[in-house]
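**Q** Sequence first, predicted coordinates after that:
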Amino acid sequence: MSVLDITAPSPLTPVWDELITGLTMGIIVADERGQVHATNDIAADLMRLDKSELLTGNRPEGWQARDDTGAPLPDWADLVGQVLRTDTPMSTPMMIVRHGQPTSRIWADYRAVRPAFQVAIQADPSLVKDAMEQNIILVSPTTLLVALRTIDNLWRNERQNENAQLIAERAAKLYDKLRLFVDDMEGLGGALDKANQTYQGAMNKLATGRGNVIRQAESFKQLGVEVKRPISPDLAQLAQTESFSENASLVERHPAEDKVN
């Protein structure tokens, strides 16, 4: 049975479970405190424990782990700590005892997972370069989370760049639409001004100008012509007022012209 030491395994527990489930040997993945984070059924059977007991650290009454002489083994935290300090694998015989009676004898190997990656890189430094050329990043259990966060930040920046480009494109389209709208509003204003000028010209002929049509039409009523419905009184009065103002202006100009003569 092998006991592997890792430094920050909690987020990687599902990964370790998947890796060790199908192995044909007992594997226990523990941290430097002796906390078990992953194991398989073979290891639980060799330790004469349920898998849940192995993961939680709970031990049934009368269960003990001893060395081959029958002496109690040191705590797992001490064993894996020694492996970490020395960076050297350690093997030890182990005897499982229940209520004072040996139930199984196993050989336990303690190995640190963390240095494996470092050893591989030291043996062949070109591994990192070769992996990068294939768009692969080599990571260890202690650098996996950092690499994932870096990748997440890179993707976030990529999405932000894509959003910035999309915003720029939409802003350009909006500006073009605004320019066309302004052109249309200016054209509409010119058309309204022209329509107003045409309206004023028509009203001048109809009711406000000299010899306007309404004044002439109203004069027929004075000649005895009967009408079924009169023109709007306000408009008729406006036509008569404008006509009176023009006549008054002519009367005022006549004395001055006689004086000159």
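**A** In hand now; what should we look at? Numbering: from 1, shown residues only.
**Q** hey, let's count contacts and neighbours off CA atoms from now on
**A** Will do.
**Q** these two touch, right, Val80 and Val29?
**A** No: contact criterion C-alpha atoms under 8 Å: Val80 and Val29 do not qualify, at 10.6 Å.
**Q** so what strands line up beside the longest strand seen in the chain?
**A** Counting residues, the longest strand found in the chain (DSSP state E) is strand 101-112. Looking at strand 101-112 with DSSP bridges, its partner strands are strand 2-5 (parallel), strand 90-98 (antiparallel).
**Q** Lowest mean pLDDT across those, which one is that?
**A** Across the strands paired with strand 101-112, strand 2-5 has the smallest mean pLDDT, namely a mean of 47.
**Q** which residues does Ile106 contact?
**A** Counting by C-alpha atoms under 8 Å, 6 or more residues apart in numbering, Ile106 makes contact with Met1, Leu46, Pro93, Met94, Met95.
**Q** Show the low-confidence segments of the stretch 151-261 of the chain, by residue range.
**A** Low-confidence segments of the stretch 151-261 of the chain (pLDDT under 70): 242-261.
**Q** from what I can see His99 touches Ala65, true?
**A** No: taking contacts as C-alpha under 8 Å, His99 lies outside contact range of Ala65: 11.4 Å.
**Q** Can you pick out the residue with more neighbours from the two?
**A** More crowded of His99 and Ala65, by other C-alpha atoms under 10 Å: Ala65, with 20 against 10.
**Q** That one and Ala171: what is the separation?
**A** 72 Å (C-alpha to C-alpha, to the nearest Å).
**Q** neighbours around Pro230, how many?
**A** Pro230 is flanked by 10 other residues according to other C-alpha under 10 Å.
**Q** same deal with the one 3 residues further on?
**A** For Pro233, the neighbour count with other C-alpha under 10 Å is 9.
**Q** So Gly189 versus Gln197, what's the distance?
**A** To Gln197, Gly189 is 12 Å away according to C-alpha to C-alpha.
**Q** Downstream of the lengthiest helix in the chain, the next helix or strand is which one?
**A** Longest helix of the chain, by residue count under DSSP state H: helix 144-203. Counting by DSSP states H and E, the next helix or strand C-terminal to helix 144-203 is helix 213-222.
**Q** separation between the residue nearest to Val97 when sequence neighbours are not counted and Met94?
**A** Of all residues not flanking Val97 in the chain, Gln64 sits nearest, at 5.1 Å (C-alpha to C-alpha, 6 or more residues apart in numbering). Look at Gln64 and Met94: by C-alpha to C-alpha, they are 10 Å apart.
**Q** Equivalent analysis for Asn161, please.
**A** From Asn161 over to Met94 (counting by C-alpha to C-alpha), the distance is 58 Å.
**Q** Neighbour count: those two, which is higher?
**A** Met94 (22 against 12).
**Q** Am I right that that one is in contact with Trp107?
**A** Yes: here Met94 lies in contact with Trp107, judged by C-alpha under 8 Å, at a distance of 5.8 Å.
**Q** who touches stretch 93-100?
**A** Contacts to stretch 93-100, defined as C-alpha under 8 Å, 6+ apart, come from residues 47-48, 61-68, 70, 102-108.
**Q** Going by neighbour count, which residues in that stretch are buried?
**A** The neighbour-count check on stretch 93-100 (16 or more other C-alpha atoms under 10 Å) flags Met94, Met95, Ile96, Val97, Arg98 as buried.
**Q** For these, could you give me CSV that also reports distance to Leu148?
**A** Converted to CSV, the buried residues of stretch 93-100 look like this (distance: C-alpha to C-alpha, whole Å):
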residue, distance to Leu148
Met94, 39
Met95, 41
Ile96, 40
Val97, 43
Arg98, 45
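**Q** Which one of these is nearest to Leu144?
**A** Distance to Leu144, by C-alpha to C-alpha, is smallest for Met94 among the buried residues of stretch 93-100, at 33.0 Å.
**Q** Centre of the chain to the longest helix of the chain, how far?
**A** The chain centroid and the centroid of helix 144-203 are separated by 22 Å under C-alpha atoms, centre = their mean, to the nearest Å.
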